[in-house]
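Chemist: mind looking at a prediction? Sequence and model below.
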Amino acid sequence: MTSLSDSDTTAAVVSALRAAGCVFAEDEAELILATARTPDELAAMVDRRAAGQPLEHVLGWAEFHGLRILVEPGVFVPRRRTEFLVDQALAQAPGASVVVDLCCGSGAVGAALAAALRDAELHAADIDPAAVACARRNIAPYGGHAHTGDLFEALPAALRGRTGILAANVPYVPSGEVGLLPAEAREHEPLVALDGGGDGLDVLRRVAAGACEWLAPGGCVLVETSEHQADDAVRTFRRAGLATRLAVSDELYANVVIGVRSD
């Protein structure tokens, strides 16, 4: 690989990715070629992708809701289906002035909400310091604040009763099913961002139990879950005193539970 633009180099990259089992080898090759700055960097990126690292970790970024989100190794990669959660939040609370992104990972959800709401006060929190460091970079353009800690314990007390949108992309894979995830996820993303406990709803229950204390009147809390967990998740939200509905996108295979503080 001596040039980043000649057809032989492109063919070599595609061939290497295809041999490694990358289904969309041509598309991935185009992104890698556009990102690499030197032949040595290109070779290293191809080797990392062929070894099974997520494409987003190799590139250093992921596209999410029209934004380029920085994604560092060891940090959860934002999924396209989670764009549906962002859209539901904006539809439910288009005038929100305070946004909290819990279990923020890279901060993609918070950044997308802040970009759409423009002047909102943004806070992102995660229990994983590596995620918080990454999120801090992604939310900085919006004046966002990043916090390390366990769910609500990480947040400034002054946010109680003021939050218009509380987005919590909680882990929801049942512990016994983590091993069934694609290797890209289970080997390269933090377990804390994937494992939701015995039935996958442990963290969701904690978010539901604490949400009303932090929401402003009329504020909303949104979580993503799987189709087979959705009914239990809705019941959990309702038991917490939230006016609750389920939003579904068949196109994105996304299920979002939305709870509203009605008092």
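Modeler: Great, that's in hand. Numbers count the residues shown, from 1 in each chain.
Chemist: when you work out contacts or count neighbours from here on, use the C-alpha atoms and nothing else.
Modeler: Noted.
Chemist: by contact count, what packs against the helix or strand bottoming out on mean pLDDT in the chain?
Modeler: Lowest on mean pLDDT, DSSP states H and E among the helices and strands of the chain sits helix 183-188, with a mean of 85. If contacts are counted by 3 or more C-alpha pairs under 8 Å, 6 or more residues apart in numbering; DSSP states H and E, helix 183-188 sits against no helix or strand.
Chemist: low-scoring stretches of the protein, by residue?
Modeler: The chain contains residues with pLDDT under 70 at 1-5.
Chemist: what ranges do the strands span in it?
Modeler: Along the chain, the stretches classed as strands by DSSP state E are 61-64, 67-70, 98-102, 121-126, 145-148, 163-168, 215-225, 243-249, 254-260.
Chemist: residue 114 is nearest to which of these?
Modeler: Evaluated with C-alpha to C-alpha, those place strand 121-126 nearest to residue 114, the distance being 6.7 Å.
Chemist: what's that closest one in contact with?
Modeler: With contacts defined as C-alpha atoms under 8 Å, 6 or more residues apart in numbering, strand 121-126 is touched by 97-105, 107, 110, 114, 132, 135, 139, 142-151, 154-155.
Chemist: so who does the residue nearest the centre of the chain touch?
Modeler: The centre of the chain sits closest to residue 78, judged by C-alpha atoms, centre = their mean, with a distance of 3.6 Å. Contact analysis of residue 78 by C-alpha under 8 Å, 6+ apart lists 62, 64, 105-106, 108.
Chemist: repeat for residue 77
Modeler: With contacts defined as C-alpha under 8 Å, 6+ apart, the neighbours of residue 77 are 56-57, 62, 71, 105-106, 189.
Chemist: so how far is residue 135 from residue 126?
Modeler: Distance, residue 126 to residue 135, by C-alpha to C-alpha, to the nearest Å: 9 Å.
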